[in-house]
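1. could you work out the structure for the sequence below:
(chains A and B)
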2 protein chains.
Amino acid sequence: MFRSREVFTQSTSEVKDMPKRVVIIGGGFGGLEAAKQLSGKDVAVTLIDKKNHHTFQPLLYQVATAVLSPGEIASPIRRILYKAKNVEVVLGEAKGYDLENRTVKLHDSSEIPFDYLIVAAGARHSYFGNDDWEDSAPGLKTVEDALEIRRRVLLAFELAEREAILTGKHKPLNFVVVGGGATGVELAGAIAGIARQALAKDFKAINTKESRVMLYEGSDRILNSFAPDLSERAKRDLEDLGVEVFLNSFVTDLKDGNVKASDEWIECDVAIWATGVAASFLGKELGAETDKAGRVLVNDDLSVPGKENIFVIGDMAHLKQKNGDLVPGVAPAALQMAQATCKNILRDLKNEPRENFEYRDKGSMATIGRNRAIVEAGSLKLTGFIAWLAWLFIHVISLIGFRNKLSVMSDWFWAYVTRERSALLITGDAEQLQDALRFLEAKPIAEPLPKKARRKALK
Amino acid sequence: MFRSREVFTQSTSEVKDMPKRVVIIGGGFGGLEAAKQLSGKDVAVTLIDKKNHHTFQPLLYQVATAVLSPGEIASPIRRILYKAKNVEVVLGEAKGYDLENRTVKLHDSSEIPFDYLIVAAGARHSYFGNDDWEDSAPGLKTVEDALEIRRRVLLAFELAEREAILTGKHKPLNFVVVGGGATGVELAGAIAGIARQALAKDFKAINTKESRVMLYEGSDRILNSFAPDLSERAKRDLEDLGVEVFLNSFVTDLKDGNVKASDEWIECDVAIWATGVAASFLGKELGAETDKAGRVLVNDDLSVPGKENIFVIGDMAHLKQKNGDLVPGVAPAALQMAQATCKNILRDLKNEPRENFEYRDKGSMATIGRNRAIVEAGSLKLTGFIAWLAWLFIHVISLIGFRNKLSVMSDWFWAYVTRERSALLITGDAEQLQDALRFLEAKPIAEPLPKKARRKALK
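-> Residues are numbered from 1 along each chain as shown, chains lettered A, B, ... in the order given. Just a heads-up that it's a prediction; the model follows:
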């Protein structure tokens, strides 16, 4: 439909009856929802993403902890949108813009012209300026991140087993998670889960239950976007699972995989970074005003000040709500922003006035581990098993693709009943394994500190 | 049980009542079966593999063509063997031996002593001395290989789509598979399948059905281990699926991903290597006599000449049968060799005489694509739908793990009914994508030759 070169070289507004082109950067929750909302409408839509698949991020930590496989939580964008005749999908990496000529520039120097632009490129974790820490302590943003974490966690156990078989002893395993938000809590709980249950029988020379899982949080409570009593309950649940929670503990340094918190160095076999926010550079590239995390300060209708045809939504947008809080960087907010933006674009086309965006907080949930979660929606608070069921339900429903819903439910049922894990593979080409092993094997085989001395050193 | 250092430094035969140690190198069909056969017997078993999982290779091509996910055809070795109290699993890469002291040397210089050694490290494809071709034309031996092929195949379509959207035209896609054995035939058939069916609706700017899948075979028939009429039927089936089969065509050169066959250069977007045999170097390292492919010329009881306590089984073994043929490098042969070897080891322990190995050919099967396969067992020959059902049945039964059987059957059912594919993901870190793109994007955008001229050039 929109394939000939002529469409791209002409300004579409000059040609009567030629539909306006909406370009969407990003196929995450925000971008995908925008494409769906504009499907079948009188616009031409081009969605650009540097990956060919949409990743259901709330369940990424389960790929990292070998419960699910990547294919169950990632869906090809093209497949999701194939029925929409006016939507085309381009695999490419947006590098910048030519704002005067209204085009998006891709990594290979090609340009995609737009009449409207929706920038939904998301945000990732932040190392607060210490980007060299990434190697030592990967974050959890993409399928590749999840596979790297899985690789390191499983390798840590494998190497300890080998050590024990060859030398008769091994140092205990330490897993460190930095950041007490939902991601950090979920990862810590899940790692404790595989150490204590799923892997306990597989490893014969080592006792996986002796491994330590430590969670470091800089503020005075974990999950601090929830009510204080729910934070407290979550902390107790985590500790029941075997996670050691350290509050008011900022990680100030990272070296060779070991972390420094509260002025003490902690030796760890695997460190995972789950804190900080760094929005995509594509926000700054617009020449708009951004906050410390790189989020764009948008107008109330989500457009960029001075550029009314360009919108920024999802984790990249910085918008104050009526109550003074920022619209949070969560999936429901991205979905709502996408819907509001598309409605405004369609109003524009009909010469109707735009409406301001208002975020409707429908509640939050976080899972801690088997049978344990917290849910908060308005004045409703749930904990324990009921909250966990609610968490499972909402996440399965939200998954894209019937096949994936079925597969995930089946894996969860299996894991619950057998306590096994479906995806305990260490994959990776020679180079990836080499890199992962570099951190693990480089650690000296030291006699473990007696437990009391270790705790003393950390407090 | 066998964990203290003392066990490893003493020769176990000096200590009365200490069980003999059997070391198995390799967790493929042969090695895994050997470990299972010795489970519960009066020996100590150590299985070494450089990966933590056993890969069900017959179905790897389905990971490469996005039908199955890695987790469905790979199982952690540790998980498979955890019930066997006398078996321990070590993740490590065997690099050589100290034959005088009877130890296996690992990559990190540690050594594992043995009383009996079973070398089952397998074989891979061979580039006939041109190992630099591997980058251009990957083979299919491991999960990583399969993911790399999948990445390149899907990226080829994505790039053509982008080209078509941006410039209004694209050159047609060429996929080349080198080698007309079962692996090559299955890959070619599957790629034709996704091009013509699964992806046809996903890509809007290009017509995936116009892509060409070409299979090059050096001999005068494909699947030449089968009867000639079955080879002929398979060729016709492949051509029905849209694959172009070129017989008597050796690939003599490979450059930038393009292949040279029968003195003509063929431009291809993705080339896959599915021919040649190169046994693991661990055979030669034994100081034993090997054939051109590196396979060890073993005694009739599968032991190495002059080293009666060392056995070589599976694809690494070169053994002539009574009818003059070599024992083939197929899974059933590896399983039988493992069983025979373990029986001989146990006979040794009871001071009973060993028995020679005799391969019992239970038949072969190869699948071509949807509804099409060939089966040959003695005088029984099957083709078409019935053969295909038999192929599906045998392969699901042989999979390890109830969970995997269920998952694979479910994916096959889905793919059959909907013609979709469950695992259409392009995964890979930035470096892997970069490498994969290097071949695809480097190709100039040329006007395609008219079909007649192309065919003339190739015949």
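2. helix or strand next in line after the strand or helix carrying residue A:347, which one?
-> Per DSSP states H and E, residue A:347 falls inside helix A:331-349. Downstream of helix A:331-349, the first helix or strand assigned by DSSP H and E is strand A:364-369.
3. avg pLDDT for that following strand?
-> Average pLDDT, strand A:364-369: 92.
4. again, but for stretch A:299-316
-> The predicted model gives stretch A:299-316 an average pLDDT of 97.
5. repeat for stretch A:21-31
-> 97.
6. ok now that stretch, how far from the chain's centre?
-> Computed by Cα atoms, centre = their mean, to the nearest Å, the chain-centroid distance of stretch A:21-31 equals 17 Å.
7. with just CA atoms, put that stretch into PDB.
-> Extracted in PDB, the C-alpha atoms of stretch A:21-31 (Å, rounded to 0.1, in the frame of the first residue of the first chain):
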ATOM      1  CA  ARG A  21       2.100   9.000   8.400                       C
ATOM      2  CA  VAL A  22       2.500   8.200  12.100                       C
ATOM      3  CA  VAL A  23       5.900   6.800  12.900                       C
ATOM      4  CA  ILE A  24       6.300   4.900  16.200                       C
ATOM      5  CA  ILE A  25       9.700   4.300  17.700                       C
ATOM      6  CA  GLY A  26       9.600   1.200  19.900                       C
ATOM      7  CA  GLY A  27       7.600  -2.000  20.100                       C
ATOM      8  CA  GLY A  28       7.300  -2.200  23.800                       C
ATOM      9  CA  PHE A  29       4.000  -1.800  25.800                       C
ATOM     10  CA  GLY A  30       3.500   1.800  24.700                       C
ATOM     11  CA  GLY A  31       4.600   1.600  21.000                       C
END
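8. what about the helices in chain A?
-> In chain A, the helices defined using DSSP state H lie at A:5-9, A:29-38, A:60-64, A:70-73, A:77-81, A:143-167, A:182-193, A:228-240, A:331-349, A:384-398, A:402-418, A:430-441, A:451-458.
9. spell out which parts of the stretch 1-150 of chain A neighbour chain B.
-> The stretch 1-150 of chain A comes close to chain B at residues A:1-5, A:8, A:46, A:51-53, A:69-72, A:74, A:76, A:78-79, A:82, A:88-92, A:108, A:110, A:112, A:143-144, A:147-148, as judged by Cβ under 8 Å from any Cβ of the partner chain. Using the backbone N, CA and C atoms, a C-beta is placed for each residue, glycine as well.
10. for ChimeraX, what selects the buried ones among those?
-> Only the buried members of those enter the following ChimeraX selection, criterion being 16 or more other Cβ atoms under 10 Å in any protein chain shown:
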select /A:2,3,8,46,51,52,53,69,70,71,72,74,76,78,79,82,88,89,90,91,92,110,112,143,144,147,148
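11. about what we covered before: which elements pack onto the helix holding residue A:347?
-> Packed against helix A:331-349 by the contact rule (3 or more Cβ pairs under 8 Å, 6 or more residues apart in numbering or on different chains; DSSP states H and E) you find helix A:29-38, strand A:43-49, strand A:116-119, strand A:307-312.
12. returning to what we had before: which one of the helices of chain A lies closest to residue A:266?
-> Nearest of these to residue A:266, taken as Cβ to Cβ: helix A:451-458 at 6.7 Å.
13. need phi/psi at the spatially most central residue of chain A.
-> Centroid check for chain A by Cα atoms, centre = their mean gives residue A:141 as the closest residue, at 4.0 Å. Note on residue A:141: backbone dihedrals following degrees, to the nearest 10 are phi -120, psi -30.
14. ok, it - contacts?
-> Residues in contact with residue A:141, defined by Cβ atoms under 8 Å, 6 or more residues apart in numbering or on different chains, are A:57, A:60, A:124-125.
15. can you list the domains in chain A?
-> Domain assignment for chain A by automatic domain parsing gives A:5-50+A:92-125+A:277-349, A:131-275+A:370-418.
16. who wins for proximity to residue A:64 among those?
-> domain A:131-275+A:370-418 (4.1 Å).
17. ok, back up a step: any chance of the contacts of residue A:141 in a markdown table, with pLDDT and neighbour count too?
-> Formatted as a markdown table, these follow (pLDDT from 0 to 100; neighbours: other Cβ atoms under 10 Å in any protein chain shown):
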| residue | pLDDT | neighbour count |
| --- | --- | --- |
| A:57 | 92 | 19 |
| A:60 | 93 | 24 |
| A:124 | 92 | 15 |
| A:125 | 92 | 24 |
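18. nearest to residue B:244, of those?
-> Nearest member of the contacts of residue A:141 to residue B:244, counting by Cβ to Cβ, is residue A:60, at 41.5 Å.
19. next, the contact list for that closest one, please.
-> By Cβ under 8 Å, 6+ apart, residue A:60 lies in contact with A:73, A:140-143, A:145-146.
20. same thing but 7 Å
-> Residue A:60 makes contact with A:73, A:140, A:146 under the criterion Cβ atoms under 7 Å, 6 or more residues apart in numbering or on different chains.
21. buried among those? Make that a ChimeraX selection.
-> The ChimeraX command for the buried members of the contacts of residue A:60 (criterion: 16+ other Cβ under 10 Å) is given here:
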select /A:73,140,146
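22. could the contacts of residue A:60 go into CSV alongside pLDDT?
-> Shown next, in CSV, are these (pLDDT from 0 to 100):
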residue, pLDDT
A:73, 89
A:140, 94
A:146, 93
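23. pLDDT-wise, which helix or strand of chain A ranks last?
-> helix A:451-458 (a mean of 35; mean pLDDT, DSSP states H and E).
24. and for the residue lying closest to residue A:276 once chain neighbours are set aside, the neighbour number?
-> What sits nearest to residue A:276 in space, not counting adjacent residues and going by Cβ to Cβ, 6 or more residues apart in numbering or on different chains, is residue A:126, at 3.0 Å. Other residues near residue A:126 come to 18 when the count uses other Cβ atoms under 10 Å in any protein chain shown.
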